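Colleague: Below are the sequence and a predicted model; questions follow.
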Amino acid sequence: MTRVLYPGSFDPIHNGHLEIIATASRLFDEVIVAAMRNPQKGEPLFTLEERREMLEESVAPLGNVKVTMFASLVVDLAKEMEADFIVKGLRAVSDFESELQMAQMNHKISGVDTLFIPSASGNSFLASKLLREITRFGGDVTAMVPTAVAKRLQEKYRS
């Protein structure tokens, strides 16, 4: 059985993330999606618990996907979860540059390999930060996120 870990902040999850998760679920026996608080990305819009709920609702149709939260090194979680690989999505060349460096560092400190899955061009422009900003200014992101996420985004910015 091959188990992979797909880590990210998922603040919030969008259709690009779902594409990577669905692809990984077809390629591997088990996918663990792990949300974290990333201090490099500033203050999150959604709590970890809210993100867990959105992730679980979004991946429910995929029977071999589990969701967890973490506040440690990705490689430590990968070892704890007995993941064979870390999976990362790539949207553009700029993603590759930063993700490659992280993958090489993760391998150096743990021996865990990272596999890259490119997103389809229809999702390559999606970024949680942009979706939050569009919603904050009253824009419609319903075609770019799962239904439950669109609803929660609208609720967050109505307050």
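Modeller: Noted; the coordinates are in hand. Because the structure is a prediction, the values reported are computed rather than measured.

Colleague: Residue 16 against residue 117, yeah?
Modeller: No. With contacts counted by Cβ atoms under 8 Å, residue 16 stays clear of residue 117, the gap being 10.7 Å. All C-beta atoms are positioned from the backbone trio N, CA, C, and that covers glycine.

Colleague: okay, and the common contacts of the two?
Modeller: Common contacts of residue 16 and residue 117 (Cβ atoms under 8 Å, 6 or more residues apart in numbering): residue 89.

Colleague: So between the two, which is more surrounded?
Modeller: residue 16 (22 against 16; other Cβ atoms under 10 Å).

Colleague: doesn't residue 117 fall inside a strand?
Modeller: Yes. Residue 117 forms part of a strand when assessed by DSSP: H, G, I helix; E, B strand; the rest coil.

Colleague: Tell me where this protein has strands.
Modeller: For the chain, applying DSSP state E gives strands covering 3-8, 30-36, 65-70, 85-90, 113-118.

Colleague: Show me what the longest one is in contact with.
Modeller: Contacts to strand 30-36, defined as Cβ under 8 Å, 6+ apart, come from residues 1-11, 21, 24-25, 48, 51-52, 55, 59, 62, 64-71, 74, 77, 81, 83, 87.

Colleague: before we move on, the earlier item: with distance to residue 124 and mean pLDDT as added columns, please give the strands of the chain in CSV.
Modeller: Below are those laid out as CSV (distance: least, Cβ to Cβ, whole Å; pLDDT from 0 to 100):
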stretch, distance to residue 124, mean pLDDT
strand 3-8, 16, 98
strand 30-36, 20, 97
strand 65-70, 22, 96
strand 85-90, 9, 97
strand 113-118, 8, 97
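
Colleague: can I get those in CSV with distance to residue 146?
Modeller: Shown next, in CSV, are those (distance: least, Cβ to Cβ, whole Å):
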stretch, distance to residue 146
strand 3-8, 15
strand 30-36, 13
strand 65-70, 13
strand 85-90, 16
strand 113-118, 19
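
Colleague: can you tell me which of these comes nearest to residue 100?
Modeller: strand 113-118 (8.2 Å; Cβ to Cβ).

Colleague: Check which residues of that closest one are buried.
Modeller: Using 16 or more other Cβ atoms under 10 Å as the test for burial, strand 113-118 gives 114, 117.

Colleague: Partner strands of that strand and their direction?
Modeller: strand 85-90 (parallel) (DSSP bridges).
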